[in-house]
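**Student:** quick one: sequence plus predicted model below, questions after.
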Amino acid sequence: MSAPRPAGRLTHAPATGTGRVDPTPAGPGRTGPAHVGSDPAGFTTRTPRIVAARRLLRRRDRDTTRRFLAEGPQAVREALATPGVTRELFGSAAGLDRHADLVAAATRADVTVSTVTDDALAALTETVTPQGVVAVCDHLDVTLDAALRRRPTLVAVLAEVRDPGNAGTILRTADAAGAAAVVFAGAAVDPYNGKCVRASAGSLFHVDVVRHPDPDDVVDALRAAGLRVLAATGYGDTDLDDLADDGTLRDPTAWLFGSEAHGLADPLAARADARVRVPLHGRAESLNLAAAAAVCLYTSARAQRSRESSC
């Protein structure tokens, strides 16, 4: 167990490596850390803590340390609002000035805030124009059993979904629709992939995230927990509108979504209680994965809210 950190510690790493901790503001009206030492900009790309944090851009190191990077003010804000998740907040001097509310939140949460050079910030991010702040966070995922013990009524399962942008968008949509859990099943993308984290827009911190290696096990566990398992597929023999009209979607439901290129594997789709297609009323050939998932999840959410209001 690591030693407790002093509240709101603000740190700098001058080029000489002999810097000091200074919690005072850097100037009138500033809430950010003071510039100290021979490198007033803060930690550099050579600073050991930056080197260690940069390794988290690789999945292998994320899995080994069970930590990841949350980039940008929205992700950092939601991370800081989740107790015990954030380990350190890095930011450029301008970024910490611009997001003083995050510095204040980190101080309240006893999270170390460290000023970094622009080059160091760029090394920790994957976007063309970094937004000034990056947080080191602990992994959040829970076991499938733990998620199901909370008796969720709406669950999204990403079976072999490998595109991080789509996965993060579906995670965000599931959160917005009121789903309690999102399961990354089989060879699905790492939910802590930087693009996935950014696409989730903070929703990664709001729902139960589950990683499970066997999609078949996931289906069995969901059904045993009392959820109806529906497979979303463009070739389904059941129409989504029909399920909404006949009341089926009012019951606890788990949706299976497959990969962008190939959809759900036939054996997995066959194990669902129904193979469901989203109706296409216009001339479009199909919907992309994220759009189809949004339609399915929101249709379920509306049906479930209708049931609750009628009880």
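**Tutor:** Here it is on my side, so go on.
**Student:** any low-confidence regions in the stretch 201-311 of the chain?
**Tutor:** Within the stretch 201-311 of the chain, the stretches falling below the threshold (pLDDT under 70) are 309-311.
**Student:** now the helices: where do they sit in it?
**Tutor:** Counting by DSSP state H, counting those that start in this stretch, the stretch 201-311 of the chain has helices at residues 215-224, 240-245, 266-270, 289-310.
**Student:** residues in contact with the second one?
**Tutor:** Around helix 240-245, the neighbours that count as contacts under CB atoms under 8 Å, 6 or more residues apart in numbering are 230, 249, 274, 276-279, 295-296, 299, 302-303. All C-beta atoms are positioned from the backbone trio N, CA, C, and that covers glycine.
**Student:** next one: the shortest one
**Tutor:** Counting by CB under 8 Å, 6+ apart, helix 266-270 makes contact with 159, 215-216, 219, 231, 233, 256, 258, 263, 275, all of which sit outside it.
**Student:** okay, those residues in JSON lines with neighbour count and distance to Ala105 next?
**Tutor:** Shown next, in JSON lines, are these (neighbours: other CB atoms under 10 Å; distance: CB to CB, whole Å):
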{"residue": "Ala159", "neighbour count": "25", "distance to Ala105": "36"}
{"residue": "Pro215", "neighbour count": "24", "distance to Ala105": "38"}
{"residue": "Asp216", "neighbour count": "13", "distance to Ala105": "42"}
{"residue": "Val219", "neighbour count": "22", "distance to Ala105": "40"}
{"residue": "Ala231", "neighbour count": "28", "distance to Ala105": "41"}
{"residue": "Thr233", "neighbour count": "21", "distance to Ala105": "43"}
{"residue": "Leu256", "neighbour count": "29", "distance to Ala105": "37"}
{"residue": "Gly258", "neighbour count": "22", "distance to Ala105": "38"}
{"residue": "Gly263", "neighbour count": "21", "distance to Ala105": "42"}
{"residue": "Arg275", "neighbour count": "19", "distance to Ala105": "45"}
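**Student:** tell me the mean pLDDT for stretch 62-82?
**Tutor:** Mean per-residue pLDDT for stretch 62-82: 98.
**Student:** with adjacent residues omitted, what lies nearest to the residue most central in space within the chain?
**Tutor:** The centre of the chain sits closest to Leu204, judged by CA atoms, centre = their mean, with a distance of 2.6 Å. Excluding its sequence neighbours, the residue lying closest to Leu204 (CB to CB, 6 or more residues apart in numbering) is Val197, at 5.9 Å.
**Student:** does the one you found count as helix, strand or coil?
**Tutor:** helix (DSSP: H, G, I helix; E, B strand; the rest coil).
**Student:** kindly write the ChimeraX command that selects the buried subset of the contacts of helix 240-245.
**Tutor:** Filtering those down to the buried ones (16 or more other CB atoms under 10 Å) takes a single ChimeraX command:
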select :230,249,274,276,277,278,296,299,303
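**Student:** can you give me the strands in the stretch 151-300 of the chain?
**Tutor:** 154-159, 181-185, 208-212, 228-232, 238-239, 253-257, 274-277 (DSSP state E, counting those that start in this stretch).
**Student:** so what's Asp163 up against?
**Tutor:** 189, 259-260, 289.
**Student:** follow-up on the earlier one: what about the residue nearest to the centre of the chain, distance to Phe43?
**Tutor:** Applying CB to CB, to the nearest Å, the value for Leu204 to Phe43 is 25 Å.
**Student:** follow-up on the earlier one: can you lay out the helices of the stretch 201-311 of the chain as a markdown table showing distance to Arg62?
**Tutor:** Compiled in a markdown table, the helices of the stretch 201-311 of the chain are given as follows (distance: least, CB to CB, whole Å):
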| stretch | distance to Arg62 |
| --- | --- |
| helix 215-224 | 22 |
| helix 240-245 | 36 |
| helix 266-270 | 27 |
| helix 289-310 | 23 |
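**Student:** so which of those helices gets nearest Val116?
**Tutor:** Val116 sits nearest to helix 289-310 of all the helices of the stretch 201-311 of the chain, at 33.1 Å, using CB to CB.
**Student:** show me what that closest one is packed up against.
**Tutor:** strand 154-159, helix 164-177, strand 228-232, helix 240-245, strand 253-257 (3 or more CB pairs under 8 Å, 6 or more residues apart in numbering; DSSP states H and E).
**Student:** mind putting the ones you listed into JSON lines with distance to Ile50?
**Tutor:** Formatted as JSON lines, those follow (distance: least, CB to CB, whole Å):
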{"stretch": "strand 154-159", "distance to Ile50": "32"}
{"stretch": "helix 164-177", "distance to Ile50": "24"}
{"stretch": "strand 228-232", "distance to Ile50": "42"}
{"stretch": "helix 240-245", "distance to Ile50": "48"}
{"stretch": "strand 253-257", "distance to Ile50": "37"}
